[in-house]
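Visitor: pasting the structure only:
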């Protein structure tokens, strides 16, 4: 079977030059960075596949390798059966990429000119390209910005234009690297809906989406891989992943600021827990994944022992974040 | 098919380059800048000549030698600096290099297309400089006596050679960030000293002359002078005895050599940059 994307023991290490290491002074201060470690993935044609992980987990590195921007250190990666290392050109004909939080684009050109220029590099006839661009500008609600110079667009407008650039070439496989990063709710919603409609509209279109927004991954993806520190820790449908922690309960406590939340570790019955301080409110938010709800008594007692007051306690259905916490032992943010 | 794609890439990149070169201000200011910049460049040379020799004898073969060498050197600076700057600018300022890189085009042709707009801008500057030289300084270039065939042939081959050198430097620029400006300026400076731009290479020490003879720009500038002023050649340049046919042949062979060298260096630079993850690096230099 030909997969849209397949990786075999894919590893990428960023080497730090010896000279730089020596300059950094302290021994071991600048080590080689293993961005991906023995990653094995198979994404089928027509899938909307998500890669969920915190910053620095290796999501962008994987996308860069699959887009032919970066070579692997070892292992193999194939896109539509083509080796990214040996056959980049056939891959480039069928892919495109959109990254979030970027300011790419020629500021001197108008939105339409910028998009038209990219369309020419993909061999779209000029008339057809202009028609497609106009339709998509309309769909994304930035038709009125068609003749505005790119440098004058807001972050959201730029990102919408960026998404149009990626999709207007009608790729078979598109790589979306945190496409809604830094966008407001409305702009994110428009982009998410477009991605979802696009992949279902014609069979065989594949999307690889990286995100650290759980809701986005849950809403959009057919299957998900959870990645942490360069390795895939789980891969399944969002539903099945959530089932893995369904026997457990997710409990959220909002308590007074806790000086030493790590003292809550080691309570019997707790599978995992994370905490977040809210300095402004002077409070700490604790999330526990518990196998046995009798652990609640111990948790409460240890919180009270630290002199903190419990403001709220909530039991939730398991979310992807709970899955992540359960597998990795830390939160996504 | 590939030829059609490459042509489309050339045109798209050429269009983009022209927009970048000419669209940064309103047309009137662009026109003023296009005239003022080369004329000012020529005037610097005139004043230096006046200070050193006490006056401009436009009819003098030496002054014409310097003036024409300086005028055509505009191409060298513009193309070498411009081509390598494309990599730096697209990667660091516009952050579009990675998007163009992953598109199904030959990046080599993309650079050639962008170089096309640099050549066009340089041509405007060279023409303005020459007109200023002829009408304001009395450089005896005559459209009826000049060798048009040699001019067109050598200009074409010379541009191919310069673009090839530029692309080779662009391959190196893939791997550098803060040094990219220095590399092309350094190479252009090297050519200015060793290629007989404002003084014959016979004034250089023996090793410098050998270096000058090895660089095709030396022959190209000589061919340009011979084409524009066929009857008025400076003696003792070390090149005056070479027949036009040999000049063309030398240029053609150099262009071919640098074309293959540029492919080699560009591919190597591309591979190493992809391996090191430098195609999309932003360093804020």
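Guide: Nice, thanks for sending it over. Quantities reported herein were computed from a predicted structural model and do not represent experimental measurements.
Visitor: which bits of chain A sit near chain B?
Guide: For chain A, the residues in contact with chain B (Cβ under 8 Å from any Cβ of the partner chain) are A:14, A:64, A:67-71, A:89, A:92-93, A:95-97, A:102-109, A:113, A:117-118, A:120-123, A:165. In this view, the C-beta of every residue, glycine as well, is placed from N, C-alpha and C.
Visitor: if you set the cut-off to 7 Å instead, what comes out?
Guide: Taking Cβ under 7 Å from any Cβ of the partner chain, the part of chain A that reaches chain B is made up of A:14, A:67-71, A:89, A:92-93, A:95, A:97, A:102-106, A:108-109, A:117-118, A:120-123.
Visitor: buried among the residues you listed? Make that a PyMOL selection.
Guide: Remark: buried members of the residues of chain A next to chain B, expressed as a PyMOL selection using 16 or more other Cβ atoms under 10 Å in any protein chain shown:
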select buried, chain A and resi 67+68+69+70+71+92+95+97+102+104+105+106+108+109+117+118+120+121+122+123
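Visitor: restricted to helices, list the residues of chain A next to chain B.
Guide: Of those, the ones assigned to helices by DSSP state H are A:89, A:92, A:93, A:117, A:118, A:120, A:121.
Visitor: where's residue A:176, which helix or strand?
Guide: Residue A:176 belongs to strand A:173-177 when assigned by DSSP states H and E.
Visitor: touching that strand from outside, list them.
Guide: If you take Cβ atoms under 7 Å, 6 or more residues apart in numbering or on different chains as the criterion, strand A:173-177 is touched by A:4, A:59-60, A:63, A:66-67, A:79-80, A:94-100, A:166-167, A:195, A:206-210.
Visitor: partners of that strand, with directions?
Guide: Strand A:173-177 pairs in its sheet with strand A:95-99 (parallel), strand A:206-211 (parallel), by DSSP bridges.
Visitor: okay, these in JSON lines with mean pLDDT and distance to residue B:3 next?
Guide: Formatted as JSON lines, the strands paired with strand A:173-177 follow (pLDDT from 0 to 100; distance: least, Cβ to Cβ, whole Å):
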{"stretch": "strand A:95-99", "mean pLDDT": "95", "distance to residue B:3": "24"}
{"stretch": "strand A:206-211", "mean pLDDT": "95", "distance to residue B:3": "31"}
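Visitor: now residue B:79. Nearest residue, chain neighbours left out?
Guide: Take residue B:79 and drop its neighbours on the chain: the residue closest to it by Cβ to Cβ, 6 or more residues apart in numbering or on different chains is residue B:162, 4.5 Å away.
Visitor: help me confirm that that neighbour comes into contact with residue B:77.
Guide: No. Look at residue B:162 against residue B:77 with Cβ atoms under 7 Å: they stay out of range, at 10.0 Å.
Visitor: which one's more surrounded, those two?
Guide: A count of neighbours by other Cβ atoms under 10 Å in any protein chain shown puts residue B:162 above the other of residue B:162 and residue B:77, at 26 against 19.
Visitor: next, the more buried one: secondary structure please.
Guide: Using DSSP: H, G, I helix; E, B strand; the rest coil, the secondary structure recorded for residue B:162 is helix.
Visitor: which one of the strands paired with strand A:173-177 lies nearest to residue A:218?
Guide: Residue A:218 lies closest, by Cβ to Cβ, to one member of the strands paired with strand A:173-177: strand A:206-211, at 10.0 Å.
Visitor: following that closest one, which helix or strand comes up?
Guide: Scanning forward in sequence from strand A:206-211 by DSSP H and E, the next helix or strand is helix A:214-220.
Visitor: please enumerate residues in contact with stretch B:74-94?
Guide: Identification of contacts with stretch B:74-94 by Cβ under 7 Å, 6+ apart yields A:104-106, B:38, B:96-97, B:100, B:111, B:114-115, B:118-119, B:121-122, B:125-126, B:129, B:162-163, B:165-167, B:169-170, B:173-174, B:180, B:183-185, B:187-188, B:191, B:217, B:280-283, B:285.
Visitor: which residue ranges of the chain form helices?
Guide: No chain in the question, so chain A it is. Counting by DSSP H, the helices of chain A are A:18-23, A:59-66, A:88-94, A:111-121, A:126-139, A:155-167, A:185-201, A:214-220, A:238-243, A:295-305, A:320-328.
Visitor: ah, no, chain B please
Guide: Under DSSP H, chain B gives helices at B:2-22, B:27-53, B:61-88, B:97-101, B:107-137, B:148-173, B:180-194, B:206-214, B:216-228, B:244-276.
Visitor: can the shortest one be said to contact chain A?
Guide: Yes. Residues of helix B:97-101 contacting chain A under Cβ under 7 Å from any Cβ: B:98, B:99, B:100, B:101.
Visitor: which of the residues you listed ranks first by neighbour count?
Guide: With neighbours taken as other Cβ under 10 Å, the top of the residues of helix B:97-101 next to chain A is residue B:99, carrying 25 neighbours.
Visitor: tell me how far stretch A:76-91 is from the chain's mean position?
Guide: Distance of stretch A:76-91 from its chain centroid, counting by Cα atoms, centre = their mean, to the nearest Å, is 22 Å.
Visitor: spatially central residue in the chain, please.
Guide: In the absence of a named chain, this looks at chain A. Nearest to the mean C-alpha position of chain A, by Cα atoms, centre = their mean, lies residue A:211 at 1.7 Å.
Visitor: my question was about chain B
Guide: residue B:76 (2.2 Å).
Visitor: all set, thanks.
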